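Enquirer: A structural model of the following input is requested.
(chains A, B, C, D, E and F)
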6 protein chains.
Amino acid sequence: MPRVRITRRMHFCAAHRLHRADWSDERNHEVFRNCANPNWHGHNYELDVTVEGPVDPETGYVMDLKQLRDLVQEGVVAEVDHANLNLDVDWLAGTIPTTENVVVAMWRRLRKRMPAEVELVKLVLWETPRNRAEYSGE
Amino acid sequence: MPRVRITRRMHFCAAHRLHRADWSDERNHEVFRNCANPNWHGHNYELDVTVEGPVDPETGYVMDLKQLRDLVQEGVVAEVDHANLNLDVDWLAGTIPTTENVVVAMWRRLRKRMPAEVELVKLVLWETPRNRAEYSGE
Amino acid sequence: MPRVRITRRMHFCAAHRLHRADWSDERNHEVFRNCANPNWHGHNYELDVTVEGPVDPETGYVMDLKQLRDLVQEGVVAEVDHANLNLDVDWLAGTIPTTENVVVAMWRRLRKRMPAEVELVKLVLWETPRNRAEYSGE
Amino acid sequence: MPRVRITRRMHFCAAHRLHRADWSDERNHEVFRNCANPNWHGHNYELDVTVEGPVDPETGYVMDLKQLRDLVQEGVVAEVDHANLNLDVDWLAGTIPTTENVVVAMWRRLRKRMPAEVELVKLVLWETPRNRAEYSGE
Amino acid sequence: MPRVRITRRMHFCAAHRLHRADWSDERNHEVFRNCANPNWHGHNYELDVTVEGPVDPETGYVMDLKQLRDLVQEGVVAEVDHANLNLDVDWLAGTIPTTENVVVAMWRRLRKRMPAEVELVKLVLWETPRNRAEYSGE
Amino acid sequence: MPRVRITRRMHFCAAHRLHRADWSDERNHEVFRNCANPNWHGHNYELDVTVEGPVDPETGYVMDLKQLRDLVQEGVVAEVDHANLNLDVDWLAGTIPTTENVVVAMWRRLRKRMPAEVELVKLVLWETPRNRAEYSGE
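Expert: Got it, this is the predicted structure:
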């Protein structure tokens, strides 16, 4: 049975800032530059969710992409879309919402929601068309 | 002398919210839905700036695109990039930062900074790849 | 009151073929080439819907983009998405579903559904990223 | 000798439907939803073909990209472009033309056409800009 | 009879430099900066060709897009693709190949090749995804 | 500590030609076709630089993307942007500037400039939106 990867691209827009409460404003600005703006800034994020599994000979699907979309929408996108990543999201609390930290947190939430027949193999989170972070669970 | 339009695309990322202080939270949420989130959200914006003028027979330029980029960078982009459109920008104060209002405010700032030989003819502000507003000074 | 244009991009995928029943197969193939395939082919279409109007000073909106999206979704997209443009769509019956004919038919349906405060000013229908048709009601 | 991967992106447009003749219409619609439309729908597909091999020290090529394009054009694209994936393609006969099944079938055809000096290492088939399937021969 | 605009996007890649033989190297570098590099540089150009006309009631076409593509390919693209805009192109001889000058020269060549039933209404030449020039014959 | 990959996309435009001085013009044209044009041609290149490393628990960064951008800008992009890849670049001298050869040469320069905490894991060099080469150091 061939093993195929399927990917669904999702999007959301959110505000965030990069800063540590235990650092001075100067130190925050030195490390995080304009990403430390206390009044926030934001992005249109794109999230590519890739799962791998055998192709079901009955349906020709690794997994129904609508089911995948719904799982990702409910599991992570609904909670970050039009939200503030520092203030509004339980599973990011206490985390500096860098692209790296957000993609790892999303992985941890999504991995356990996947149906048994597929494996979550990669998440790519695009903060802008030029900057992205990718996590595969290592 | 042929009249040509040249366009430079600029980008910035910013936080904002849509709300009126003179409305209740319920009314704000009813009209602006999740764009009214009191904790903000944000976007990667793209701004297309189009100017028109005769082609200079000596240089083959309507206007040096680097000069256009610098004018737009200093005139509007530097003030909105990594900023909060509701809190950080003098020339948006008192304005609900909808795409429509922001593009009109940018027009008013940019029109008077253009060199004499060209005319600002269009601004297109993309809030997402699917939503945009366009203003031509009418 | 500034007049601004706002655009919402919609998408749908559909099958079609270009042919005339009153022409021979040879003539159809000569004029429409591989677009005449009797077994159909299809596209991912993108539709840019542009309306123009004054910016409402109370909301900063020309029109709520969600309302625009819903009007277009119900008025045209829901009927063409995952459909056959030759067989499944009442308002295309008897029409060769070229990009030109489809964009004109969509204009006629959408124009009368627009709220009073805005004017439908342009539709752009992309059949592929390299081919598109644009109609402004002339 | 460094081993490099080169990728050529190809495109085609096609009609298809997802359904099983041995299922009732209800069952087909329940599993495949609007993709089961008996009158077909279609897509603009993109196909990324990746081969890997040593860089030829004489030409600086892993493989001439024009040769790769021609192989893929003749081997698969010419047969699916402006075609119906359920009806017109021998090597898809009896297959539900999901993105997964089509990408596996394309792999099987292309692998044996590759010149000796390169290895086919990945195919990515985009059904829409948001949905894709990827196969590496496992 | 509705009048519709159809657009075909074409691409080519070319080398060029911006400089005047009657200026010193210093003056050329001051005005054209790194675009004046005597050893050339280059771009992947995109050219959007828009024609307008009535929809032919028999075919549903303003003009066969393949015919439009062939006209543009033969009329301008074949001569600039994989070429040097300063050295290889008769109809650019003596011109500084700025985006503005190239788009005007293309207009002059294409206008007279159009079939009688359509009007060439706009050319947009993209030098990069962020810089473009547009000409409508004024 | 999770290991994450981050990618920064860079761009540059350059001229080049593919040819060997020890081959006849006929042989060059036969192998490299229009890429052998003695008057050069050029491209807008995109370069995706991917590094991998543990997420720093203090900053949430694998590496500051601005630092990555600056390293790549100084290490390779500044020397190829608006340049001729055959004539202007020391570290490409004696190389046929195919996408394959350029991406390998860039890898060799960038690998030794990376900070200790990250590993350069992939470079993807896009010559056009349809053609790219990828190198991972093998």
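Enquirer: tell me how many other residues surround the closest residue to chain B within chain A.
Expert: Per Cβ to the nearest Cβ, residue A:42 is where chain A lies closest to chain B, at 0.9 Å. Bear in mind the C-beta positions are built from the backbone N, C-alpha and C, glycine included. Neighbour count for residue A:42, taken as other Cβ atoms under 10 Å in any protein chain shown: 28.
Enquirer: can you give me the helices for chain A?
Expert: Under the criterion DSSP state H, chain A carries helices at the ranges A:25-32, A:65-72, A:78-80, A:99-111.
Enquirer: got the ones you listed as TSV, with mean neighbour count and distance to residue C:67 columns?
Expert: Output for those, formatted as TSV (neighbours: other Cβ atoms under 10 Å in any protein chain shown; distance: least, Cβ to Cβ, whole Å):
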stretch	mean neighbour count	distance to residue C:67
helix A:25-32	15	39
helix A:65-72	18	24
helix A:78-80	18	22
helix A:99-111	21	31
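Enquirer: next, format these as TSV and append distance to residue B:20 and mean pLDDT.
Expert: Below are those laid out as TSV (distance: least, Cβ to Cβ, whole Å; pLDDT from 0 to 100):
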stretch	distance to residue B:20	mean pLDDT
helix A:25-32	31	97
helix A:65-72	34	98
helix A:78-80	25	98
helix A:99-111	31	98
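Enquirer: ok so, going back, show me what the closest residue to the residue of chain A closest to chain B other than its chain neighbours is bridged to.
Expert: Nearest non-adjacent residue to residue A:42, counting by Cβ to Cβ, 6 or more residues apart in numbering or on different chains: residue B:42, 0.9 Å away. Assessed by DSSP bridges, residue B:42 has beta-bridge partners residue B:15.
Enquirer: give the contact list for residue B:42.
Expert: A:13, A:14, A:15, A:16, A:40, A:41, A:42, A:43, B:13, B:14, B:15, B:16 (Cβ atoms under 8 Å, 6 or more residues apart in numbering or on different chains).
Enquirer: contact partners for the first one?
Expert: Spelled out, that is residue A:13. With Cβ under 8 Å, 6+ apart, residue A:13 has these contacts: A:42, A:43, A:44, A:45, A:81, A:82, B:41, B:42, B:43, B:128.
Enquirer: could you do the fifth one as well?
Expert: Under the criterion of Cβ under 8 Å, 6+ apart, the contact list for residue A:40 reads A:15, A:16, A:17, A:84, A:86, B:15, B:40, B:42, B:84.
Enquirer: again with the fourth one
Expert: For residue A:16, the contacting residues are A:40, A:41, A:42, A:43, A:84, A:85, A:86, A:97, B:42, taking Cβ under 8 Å, 6+ apart as the criterion.
Enquirer: okay, now the nearest residue to the first one once chain neighbours are set aside: neighbour count?
Expert: What that stands for is residue A:40. In space, and not counting its chain neighbours, residue A:40 is closest to residue B:15: 4.0 Å by Cβ to Cβ, 6+ apart. Residues near residue B:15, counting by other Cβ under 10 Å, number 29.
Enquirer: return the distance of residue B:15 relative to residue B:37.
Expert: 10 Å (Cβ to Cβ, to the nearest Å).
Enquirer: then residue A:12?
Expert: In terms of Cβ to Cβ, residue A:12 sits 12 Å off from residue B:37.
Enquirer: and residue A:79, by the same measure?
Expert: 12 Å.
Enquirer: tell me, what's touching these two both at once?
Expert: With Cβ under 8 Å, 6+ apart as the test, residue A:79 and residue B:37 both reach residue A:88.
Enquirer: pLDDT value on the residue nearest to residue A:42, please?
Expert: pLDDT for residue B:42: 98.
Enquirer: before we move on, what about the one 3 residues further on?
Expert: Taken from the predicted model, the pLDDT recorded for residue B:45 is 98.
Enquirer: now swap in residue A:34 and tell me
Expert: pLDDT at residue A:34 comes out at 96.
Enquirer: count of residues packed around it?
Expert: Around residue A:34 there are 13 residues (other Cβ under 10 Å).
Enquirer: confidence score at the nearest residue to it once chain neighbours are set aside?
Expert: The shortest distance from residue A:34 to any non-neighbouring residue, by Cβ to Cβ, 6+ apart, is to residue B:82 (3.8 Å). Listed pLDDT for residue B:82 reads 98.
Enquirer: ranges for the strands of chain A?
Expert: Ranges of strands in chain A, per DSSP state E, are A:3-16, A:41-54, A:83-84, A:119-128, A:131-135.
Enquirer: and the furthest pair within the contacts of residue A:40?
Expert: Longest distance between any two of the contacts of residue A:40 is 13.2 Å, between A:86 and B:84; criterion Cβ to Cβ.
Enquirer: more neighbours: those two, which one.
Expert: residue B:84 (24 against 21).
Enquirer: list the residues that contact the nearest residue to the more buried one once chain neighbours are set aside.
Expert: Nearest residue to residue B:84, sequence neighbours excluded (Cβ to Cβ, 6+ apart): residue A:39, at 3.7 Å. When contacts are counted by Cβ under 8 Å, 6+ apart, residue A:39 touches B:15, B:83, B:84, B:87, B:88.
Enquirer: check residue A:73 too.
Expert: Residue A:73 touches residue A:10, counting by Cβ under 8 Å, 6+ apart.
Enquirer: tell me the residues of chain A that contact chain F?
Expert: A:18, A:20, A:31-33, A:95-101, A:103-104, A:129-135, A:138 (Cβ under 8 Å from any Cβ of the partner chain).
Enquirer: rerun that using 10 Å as the cut-off
Expert: Chain A comes close to chain F at residues A:18, A:20, A:22-23, A:31-33, A:35, A:95-105, A:107-108, A:122-138, as judged by Cβ under 10 Å from any Cβ of the partner chain.
Enquirer: buried subset of these, written for PyMOL?
Expert: Burial among the residues of chain A next to chain F is assessed by 16 or more other Cβ atoms under 10 Å in any protein chain shown; the matching PyMOL selection reads:
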select buried, chain A and resi 18+31+32+35+96+97+98+99+100+101+102+103+104+105+107+122+123+124+125+126+127+128+130+131+132+133+134+135+136
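Enquirer: name the residue most distant from the centre of chain A?
Expert: residue A:58 (31.5 Å; Cα atoms, centre = their mean).
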